[in-house]
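Colleague: Build me a model:
(chains A and B)
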2 protein chains.
Amino acid sequence: MIDPVVLKGFRDSLPAQEIPKRRLIRKLEDIFALYGFSPIDTPALEYTSVLLGKGGGETDKQIFHFTDNGGREVALRFDLTVPFARFVAAHSGEISRPFKRYHINKVWRGENPQKGRYREFYQCDFDIVGVDNEYADSEILSTMAYCMREIFQGDDGAFRFHLAHRGLFNDFLEALGVRERSVEVLRAVDKLRKIGRDEVARILSEETGSPDKAERILSFITVVEGESFLDTLGRLEDLIGKPSAAASRLRATYSLLEEEGIAHLFSLDPSITRGLDYYTGIVYETFLTAMPSIGSVCSGGRYNNLASLYTKEELPGVGSSIGLDRLLAALEELGSPILASSSGADLLIVSEDKAKSYSEDVAWAGALRKEGLRCDLYPFNVKKMKAVYDYSGKNSIPFILVYNWKGERLLKDTRTQESLAVKDLDEVTSAIKERLH
Amino acid sequence: MIDPVVLKGFRDSLPAQEIPKRRLIRKLEDIFALYGFSPIDTPALEYTSVLLGKGGGETDKQIFHFTDNGGREVALRFDLTVPFARFVAAHSGEISRPFKRYHINKVWRGENPQKGRYREFYQCDFDIVGVDNEYADSEILSTMAYCMREIFQGDDGAFRFHLAHRGLFNDFLEALGVRERSVEVLRAVDKLRKIGRDEVARILSEETGSPDKAERILSFITVVEGESFLDTLGRLEDLIGKPSAAASRLRATYSLLEEEGIAHLFSLDPSITRGLDYYTGIVYETFLTAMPSIGSVCSGGRYNNLASLYTKEELPGVGSSIGLDRLLAALEELGSPILASSSGADLLIVSEDKAKSYSEDVAWAGALRKEGLRCDLYPFNVKKMKAVYDYSGKNSIPFILVYNWKGERLLKDTRTQESLAVKDLDEVTSAIKERLH
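Modeller: Purely as a prediction, here's the structure:
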C-alpha cells in the first residue's frame, strides 16, 4: 500500500475550496473581458536560461529546475511576468499594440513553505503593454476597482487602493542629493509595515549617511490622516521643491479617476514603493479594511520595458496582479457571501424504489437542469434516509426531492428541515428558486 | 538578447486559441455542475513513487521527473486518473460515497511529440466512484450526451457514442476457451482501426494458436451495419452461448438511456475494447461523423477498483475523459460556431481627441459593460484610422465607436464596413446587440 501523501508545500483542492476558487476566477475573467483584456497561456515548463535571464542568484534556489530526458535545462515558471515578457517578444508580429492580456494560472516556487504560503499557487495578472500614458494607467486602476467592487458587492468601504509614483519618490531623493542610493532606500521603505519606523530610520541613516535625511525621507512617506489625494500631491511636490513630471502624470491619472467617479477609492500613499527595481511609474497596493494584516491583495505598477531581455522593441506597460489565494483566504475569513456556497448541486433526487421512478426522475432532472438548477440523482434505492443526508451534507446540497414507497414526492429543505409535498415540476422549480435566492 | 523560444513539444496559447478553449472549458464546467459533479484539483508535482505506484517501466520514460532541492524524487503528473485515485484515498473521510468529481487541468508527458501531440496538454475527466450499477453508468453516458449536444448545438448526427462491455467480450473469450489470453487479444483488437483487419487476424491467430478462433473473435467484434443496439446485444449473447451478466447490465443501462430519450445516440460496437487492463464493465468512445480519422474525442469506462494502490477500501467507478485539445482542433477544422469568435472585445471606443471626450467615453463604456458588452478603450488620440483598424483587426473586435473632431459619434461595423451616426447610448447598445446576435 502506498501512502497517498502530497509533497510538503503542496495541497489538494477539495470541492469546498475549488468551487469558490473557480467561481472567483470566472468572475474575474468576466470583468477582464468587459475591459477588453484577452486571455493567454504559456507552458508551465520552460528553458531555465529563458526564465532566469541574466540573473539567477536569489531566484535560482527558489525555482524547481532539472535536466530533462533530452538533456535540456528546464524549470517550472515561478511567476507569470517573465513568461509574458518572453511571450510578447516571441509573438511580436501576431499581437496588437497596445496588447491587453490577462493570465490566470499556477506558478511554482521551491522556497520553504511558511504558514499560508505554498510552493504551488495561482497568479492572476493583467497588463496593458505598448502604451505609456495616463489613459492606460487609469484603465488598469479602473479594472482593479471593478474587480474589488464586484467581489465586495459594491461595499466601497471594504477595500482601499494605495497609490504612489516611483518617479515622485526619485525626484525627492534627487532633491535630497541621495538619488544614487534609491534602490537601497526603496527597499528599506518597502519594509516599513513589517519592521516598523524606528528600524527603517536606522537603515535609512546608514544608507544616506545622515539621520536628518533619514528623517526627511520618513516624513515624505508618512501619510497625513485626513489629507486629500490632491493636497498630499501638492505637499509632496512642495517637498521636492520644483515641478515634477511624475506629479503631473499622477494628477492627470487622478483626474481621469475623478471623471470616472471612482477617485474616492484611491489614497495617495507615498510609503508604497514596491520592492522591485522593475517599476518606473505609478505603483499600488490594495488593502482590505477588515483585514489590514494580510497585506495587499492586488498590487502592481508601471514599468518602462517589459521584454528587454528578449527583444529590442521597447514595450512600456502597466499591470496588476491579484493575490488569488490570499484574497480567497481573506474572503473565507470574512464570511463573504460570494464564497458562501460550495455546494455541488442545488437538488438531490432520491427514490425509495429507483426502478419504479427512474424515468420520471430523469425527466424531472432534465427539465430542472434546463431551468439552470443543478440536479444530482442519488444512484441507489433508499432504505434509510441517513445515508442520503450524509451524502447531501458532504456535498452541501440544500434540497432533496424524495419519491417514497407510497408514490408521494416530498421536497425537503435540508437547512430548515422543512418538508413540502409536491405534485409537479412547476411546484418543485418555484419552491427551490424561491428559497435559493 | 535571449531567444524567446519554448521547449520542443510545448506551445504558447494566444488569445485566438485561448478564448475558444476557455469558452469550451466553461461550457463543460457548467454541464458538469448541472449533473452535480464538483471540481477538484491536485498538485502538478507529486512524489514519483506515488504517481508511478508499483509499475514504472513504460510510463517511467514518458514522465518528467527529477530530484528536487530537498532530495525528493518528484514528477509532473502524466494524467488525472492516478492523482484522483491518490486523492480519494487521502480524503476518504471528507468525501461522500458516491463521489462525483470533475477535474480539468494540465498534464505533462515526456514522449516524443508527434503531429498534433504535445508534451503539455489539458485533460478533462469526470467520474462517479463508490457505486457499481446501471444508474451510475447511464448518468455518465447522459452527461457525455449533454456535453456533445451542447457542443454541436443539438445536431445529434454530428457525433456517435460507441459502447461495448468488457465483460461481454471476456464471456465470449471464455466460451471460446482463450480467456487466459484476454489481455493480448484486447490489445490486438484495440488496434483494429489502426492496423486493419488482416494484421489483427494474424496477431489473433498467433495469440490463440488457431486461425479459426481468430476468425470467430473478428466476427464477434464486427459491426453489422443497420443492426439495432438490442439486436446486436442478442446476437452477441447467442455467440457467447449462455446468459451473461454483462449483457444484462448492458441491457439495463440501455433501457435507462431509452427512458431518458437519448438511446438513439449510442451504438453497440464490440470492437471498442480500450487498450487498458483497467476497465471491467462498459467501455465507450465517441466519434465525430465529419472527422472519423481524428479518433475518439471522449472515452472511458467502468473500472472496479480506483484506488487499490493507496487504500483497502474498494472503490468501483465509472468515468469519462474528454480530449479537449483534440476536440478543439476538430471544432476549429469544422468551423464550429461555438468557437467562431475569438474576439477580445465587442466594441472599441476611439477618440480623435481623447482629452476632450474621455469622461464621456468612460461613462459610455461603463454603461455598455453593465449591458454585458465588452468594451475596450483605445488609449491614444487618433490621427490616422489605420492604426485603429490594425488594432481592432488583431483583436477581432467587430465594432468601433469613433468620436471625431467634429464632435460626431460614428459606429462602424468592421465586418460590413457599415457606418452609422449615433446620438446616444441606447442607439449604440441596440445597434450592436442587433448585429451581434
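
Colleague: Mean pLDDT per helix and strand in chain A: which one sits at the bottom?
Modeller: Taking all helices and strands of chain A together, the one with the lowest average confidence (mean pLDDT, DSSP states H and E) is helix A:58-62, at a mean of 70.

Colleague: What is the burial count for the residue in the stretch 151-300 of chain A that chain B sits nearest to?
Modeller: Ranked by CB to the nearest CB, the top residue of the stretch 151-300 of chain A for proximity to chain B is A:Glu259, at 3.6 Å. The C-beta positions use only the backbone N, C-alpha and C, and glycine is treated the same way. Here the count is done by other CB atoms under 10 Å in any protein chain shown, and A:Glu259 has 16 residues near it.

Colleague: now do A:Glu94
Modeller: 13.

Colleague: Now for it: which residues touch it?
Modeller: A:Glu94 sits next to B:14, B:394 when contact means CB atoms under 8 Å, 6 or more residues apart in numbering or on different chains.

Colleague: Tell me if it really is in a strand.
Modeller: No. The assignment for A:Glu94 (DSSP: H, G, I helix; E, B strand; the rest coil) gives coil, which keeps it out of a strand.

Colleague: tell me what the helix or strand hosting A:Asp127 is packed against?
Modeller: Following DSSP states H and E, one finds A:Asp127 within strand A:120-129. Contacts of strand A:120-129 with other secondary structure elements, assessed using 3 or more CB pairs under 8 Å, 6 or more residues apart in numbering or on different chains; DSSP states H and E, are made with helix A:15-34, helix A:81-90, strand A:99-108, helix A:134-151, strand A:317-322, helix A:324-333.

Colleague: swap the cut-off to 10 Å and go again
Modeller: Taking 3 or more CB pairs under 10 Å, 6 or more residues apart in numbering or on different chains; DSSP states H and E as contact, the helices and strands that strand A:120-129 lies on are helix A:15-34, helix A:81-90, strand A:99-108, helix A:134-151, strand A:298-303, strand A:317-322, helix A:324-333.

Colleague: thinking again about what came up before, each with direction, which strands does the next helix or strand after the least confident helix or strand of chain A pair with?
Modeller: Helices and strands here follow DSSP H and E; after helix A:58-62, the next one along the chain is strand A:65-67. According to DSSP bridges, strand A:65-67 forms sheet pairs with strand A:73-76 (antiparallel).

Colleague: Off-centre distance for the partner strand?
Modeller: The chain centroid and the centroid of strand A:73-76 are separated by 26 Å under CA atoms, centre = their mean, to the nearest Å.

Colleague: Could you check the pLDDT of the residue of the stretch 1-150 of chain A at minimum distance from chain B?
Modeller: Proximity of the stretch 1-150 of chain A to chain B (CB to the nearest CB) peaks at A:Gly36, 2.8 Å away. Per-residue confidence (pLDDT) for A:Gly36: 95.

Colleague: and the nearest residue to A:Thr208 once chain neighbours are set aside, what does it touch?
Modeller: In space, and not counting its chain neighbours, A:Thr208 is closest to A:Val178: 4.8 Å by CB to CB, 6 or more residues apart in numbering or on different chains. Under the criterion of CB atoms under 10 Å, 6 or more residues apart in numbering or on different chains, the contact list for A:Val178 reads A:172, A:184-185, A:204, A:207-210, A:213-214, A:216-217.

Colleague: Not counting sequence-adjacent ones, nearest residue to the spatially most central residue of chain A?
Modeller: Centroid-nearest residue in chain A, with CA atoms, centre = their mean: A:Ile322, separated by 2.5 Å. For A:Ile322, the nearest residue in space outside its immediate sequence neighbours is A:Cys124; the separation is 4.2 Å by CB to CB, 6+ apart.

Colleague: residues in contact with that neighbour?
Modeller: A:24-25, A:28-29, A:32, A:80, A:102-105, A:147, A:298, A:320-325, A:327.

Colleague: same question, A:Val362
Modeller: Residues counted as contacts of A:Val362 (CB under 10 Å, 6+ apart) are A:349, A:375, A:377, B:135, B:138-139, B:142, B:256-257, B:259-262.

Colleague: Quick check on the residues you listed: which are buried?
Modeller: Buried positions within these, assessed by neighbour count (16 or more other CB atoms under 10 Å in any protein chain shown), are A:349, A:375, A:377, B:135, B:138-139, B:142, B:256-257, B:259-260, B:262.

Colleague: now these as TSV including distance to B:Ala387?
Modeller: Conversion of the buried ones among the contacts of A:Val362 to TSV gives the following (distance: CB to CB, whole Å):
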residue	distance to B:Ala387
A:Ile349	57
A:Cys375	51
A:Leu377	56
B:Tyr135	60
B:Ser138	57
B:Glu139	54
B:Ser142	51
B:Leu256	60
B:Leu257	56
B:Glu259	60
B:Glu260	55
B:Ile262	52
